[in-house]
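What follows is a predicted structure for the sequence shown.
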Amino acid sequence: MSTDTPPATGPLRAPAPATPCPWDTLDEAGTGLIVEHFLTTTMSRVGNALRRTITVPYADAFQITVTEWRMLSVLAHAHTLPFAQLVTASATDKALVSRTLRLLESRGLVAIAAEGHTPRKKLLCTITPEGQALHDQIIPIARQRQAAVLRVLSPEERRVLFTALGKLHQHCVNTTQLDDEE
């Protein structure tokens, strides 16, 4: 074994991309941009891979779905939220949130209560002590797995990614609000 190579320290680093960035010379019309390089396609591909490698293993280990984990983690942070706020905070479809809450309620992990006596009652969603206990078991594992993947990037790459994703999200929120006003 050669002693010229220093021992590896820290997390493994992903190799630099072998192909140039297809977004470097992007014009307003998106000329030459192929579907494979669409931002939505790339984000979906990365999101699915992250879910499979980070979240699914611990969700499966605790016999909970990824959506159930998302609801529990949002409620663990807020403790109680109106249904509409939970939909927004979890970035999940309203119908899926409703179905997921009913499943979590049947398992005793959340409580759903109607507030008011009008036909359009506000639903309040609260994490139960059992739900909080499950969350408290999962969250250290979730944090460790998230950190392991994020640490593949350098601190500078993490800052750039965090800033870029925030900027894209804000742009989309602003664009949606403008569309809703028209």
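Received it, and whenever you're ready, just let me know what you need.

Confirm for me that T126 is in contact with A78.
No - with contact defined as Cβ atoms under 8 Å, T126 does not reach A78; the gap is 9.2 Å. Every residue, glycine included, has its C-beta placed from N, CA and C.

Break down this protein into its helices, ranges please.
With DSSP state H, the ranges of helices along the chain come out as 39-50, 56-61, 66-78, 83-90, 94-106, 129-150, 155-181.

Could you look over those helices and pick the most buried one?
Highest mean neighbour count among the helices of the chain (mean count of other Cβ atoms under 10 Å): helix 66-78, with a mean of 20.

how far is it from where the chain is centred?
Chain-centre distance of helix 66-78: 11 Å, with Cα atoms, centre = their mean, to the nearest Å.

Hey, what's the angle from that helix to helix 129-150? Just curious.
Helix 66-78 runs at 110 degrees relative to helix 129-150, counting by axes from the mean of the first three to the mean of the last three Cα atoms, to 10 degrees.

list the helices and strands helix 66-78 packs on?
Using 3 or more Cβ pairs under 8 Å, 6 or more residues apart in numbering; DSSP states H and E, the elements in contact with helix 66-78 are helix 56-61, helix 83-90, helix 94-106, strand 110-115, strand 122-127, helix 129-150.

If we use 6 Å, what do you get?
Judged by 3 or more Cβ pairs under 6 Å, 6 or more residues apart in numbering; DSSP states H and E, the packing partners of helix 66-78 are helix 83-90, helix 94-106, helix 129-150.

so who does L86 touch?
C125 (Cβ atoms under 6 Å, 6 or more residues apart in numbering).

Pull up the per-residue confidence for it.
For L86, the pLDDT comes out at 94.

Lowest average pLDDT across the helices and strands packed on helix 66-78?
Mean pLDDT, when computed for each of the helices and strands packed on helix 66-78, is lowest for helix 83-90, at a mean of 92.

Please compute how far that helix lies from its chain's middle.
14 Å.

Mind picking out the helix or strand in the chain with the poorest mean pLDDT?
Within the chain, no helix or strand scores below helix 155-181, which has a mean of 87 by mean pLDDT, DSSP states H and E.

ok and that helix relative to helix 129-150, angle-wise?
Counting by the same axes, to 10 degrees, helix 155-181 lies at 120 degrees to helix 129-150.

quick one: contacts of stretch 161-178?
Nothing outside stretch 161-178 qualifies as a contact, by Cβ under 6 Å, 6+ apart.

Kindly recompute the last result at 10 Å.
Applying Cβ atoms under 10 Å, 6 or more residues apart in numbering, the external contacts of stretch 161-178 come out as L39, M43, A91, L150, L153.

Having no further points to raise, I will conclude here.
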